[in-house]
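Peer 1: coords please:
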Amino acid sequence: MTSLSYVIAGSEATGGAGIQVDLKTFQALGTYAVGTLTCIVSFDPKNDWGHRFVPVDPQVIAAQIEAATSCHDLDVVKIGMLGTPATIDTVAASLAEQPWRHVVLDPVLICKGQEPGAALDTDNALKAQILPLASVITPNHFEACTLSGMERLESVAGMAEAARRIHALGPQHVIVKGGVELPGPDAVDLLFDGETVTVYSTPKIGQERVSGAGCTFAAAVTAELAKGTDIHDAARIAKQVVTQGITDRRASAAPFDAVFFDGTLREDVAARVQVATL
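Peer 2: Numbering: from 1, shown residues only. Below is the predicted model of the structure:
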């Protein structure tokens, strides 16, 4: 029977990130994709492609979650962009109504398109209400610095320290996504399971960030966990999916490329993923 993957996240209108990428990744990895929409983000091509942010009414979010969880036997969920404290209240309350085998939190901090005060309130609410529910958290370079209280991450050892500090906040597994921000020739992601640090690395493909890479990584982890894959193998497969998606990236009129993963895991890309333990 096909496994079920569920995401609660925002829409990104160009199709390059957000719930659009999550659902595509779920299906590409062979799971049935279910999603609940929390907000709508649309880039403004007339204003330097800045963010335009519109939250979904909390009652509508609660209704979506009720419908999804009533229709399907869901036990693995990815949490993406929530956007407001009211949304976070609603999602936290809904998640508490049933047990979850895995809650994968991709912690979107400092929502672009919001006033700084509102963004900080959202960040604080996310850390207070959603982070304690997470079994897996997948912060990027900036988010890992913020959550760990570290000023910067400039090495694999620094990433490992950040992961340990974030692990102390409650998540069972912490995956720090170093991406192109980490100095050096390799794109490095790091998993800390409470005991062992596992490093996944590939040679960097250019120096620019590609839209949707972080969403795709967390979605791939979610899909693999839904299928019963071990967290270490799930992280390795996610690294391959993102590496392949960046290699096959899609250009557009926007000033950024977007990941593209067609669902076929290629051996030549798998061979580029190096795995080591510290």
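Peer 1: so Leu29 touches Ala223, yeah?
Peer 2: Yes - contact criterion Cβ atoms under 8 Å: Leu29 and Ala223 qualify, at 4.1 Å. Every residue, glycine included, has its C-beta placed from N, CA and C.
Peer 1: who has more neighbours, the two?
Peer 2: The residue with more neighbours, out of Leu29 and Ala223, is Ala223; 31 against 24, by other Cβ atoms under 10 Å.
Peer 1: just to check, that one is in contact with Phe26?
Peer 2: Yes - counting by Cβ under 8 Å, Phe26 is a contact partner of Ala223 at 5.0 Å.
Peer 1: identify the contacts common to those two.
Peer 2: Ser5 (Cβ atoms under 8 Å, 6 or more residues apart in numbering).
Peer 1: give me the pLDDT value at Glu115.
Peer 2: Confidence at Glu115, expressed as pLDDT, is 54.
Peer 1: now do the helices in the stretch 151-278 of the chain.
Peer 2: In the stretch 151-278 of the chain, the helices defined using DSSP state H, counting those that start in this stretch lie at 156-167, 213-226, 231-247, 267-270.
Peer 1: including mean pLDDT and distance to Val41, could those helices go into CSV?
Peer 2: Converted to CSV, those look like this (pLDDT from 0 to 100; distance: least, Cβ to Cβ, whole Å):
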stretch, mean pLDDT, distance to Val41
helix 156-167, 97, 25
helix 213-226, 97, 12
helix 231-247, 97, 20
helix 267-270, 95, 29
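Peer 1: in CSV: those, plus distance to His173.
Peer 2: Listed next are the helices of the stretch 151-278 of the chain as CSV, based on distance: least, Cβ to Cβ, whole Å:
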stretch, distance to His173
helix 156-167, 8
helix 213-226, 9
helix 231-247, 5
helix 267-270, 22
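Peer 1: now this structure, which segments are flagged as low pLDDT?
Peer 2: 110-119 (pLDDT under 70).
Peer 1: what is the longest strand of it by residue count?
Peer 2: strand 32-44 (DSSP state E).
Peer 1: next, the angle helix 213-226 makes with that one.
Peer 2: 170 degrees (axes from the mean of the first three to the mean of the last three Cα atoms, to 10 degrees).
Peer 1: could you pull out the buried residues of strand 32-44?
Peer 2: The neighbour-count check on strand 32-44 (16 or more other Cβ atoms under 10 Å) flags Ala33, Val34, Gly35, Thr36, Leu37, Thr38, Cys39, Ile40, Val41, Phe43 as buried.
Peer 1: list the contacts for the first one?
Peer 2: Under the criterion of Cβ under 8 Å, 6+ apart, the contact partners of Ala33 comprise Ser5, Val7, Asp22, Leu23, Lys24, Phe26, Gln27.
Peer 1: repeat for the second one
Peer 2: By Cβ under 8 Å, 6+ apart, the residues touching Val34 are Leu4, Ser5, Tyr6, Val7, Ala68, His72, Leu74.
Peer 1: most distant residue from the middle of this protein?
Peer 2: Largest separation from the mean C-alpha position in the chain: Lys46, at 28.2 Å (Cα atoms, centre = their mean).
Peer 1: buried stuff in the helix or strand Leu147 falls within?
Peer 2: Per DSSP states H and E: Leu147 is located in helix 141-148. Neighbour-count burial for helix 141-148, counted by 16+ other Cβ under 10 Å, picks out His141, Glu143, Ala144, Cys145, Thr146, Leu147, Ser148.
Peer 1: could you find the closest non-adjacent residue to the first one?
Peer 2: In space, not counting the residues next to it along the chain, His141 is nearest to Glu181; the distance is 3.9 Å by Cβ to Cβ, 6 or more residues apart in numbering.
Peer 1: ok, Ala258 to Thr264 distance?
Peer 2: 18 Å (Cβ to Cβ, to the nearest Å).
Peer 1: higher neighbour count, those two?
Peer 2: Ala258 (23 against 8).
Peer 1: what is that one paired to in the beta sheet?
Peer 2: Beta-bridge partners for Ala258, by DSSP bridges, are Ser211, Arg250.
Peer 1: shouldn't Ala163 be in contact with Asp189?
Peer 2: No - if you go by Cβ under 8 Å, Ala163 and Asp189 don't touch, sitting 10.4 Å apart.
Peer 1: what's near enough to touch Ala144?
Peer 2: By Cβ under 8 Å, 6+ apart, the contact set of Ala144 is Met150, Leu153, Met159, Ala162, Ala163, Ile166, Val176, Lys177.
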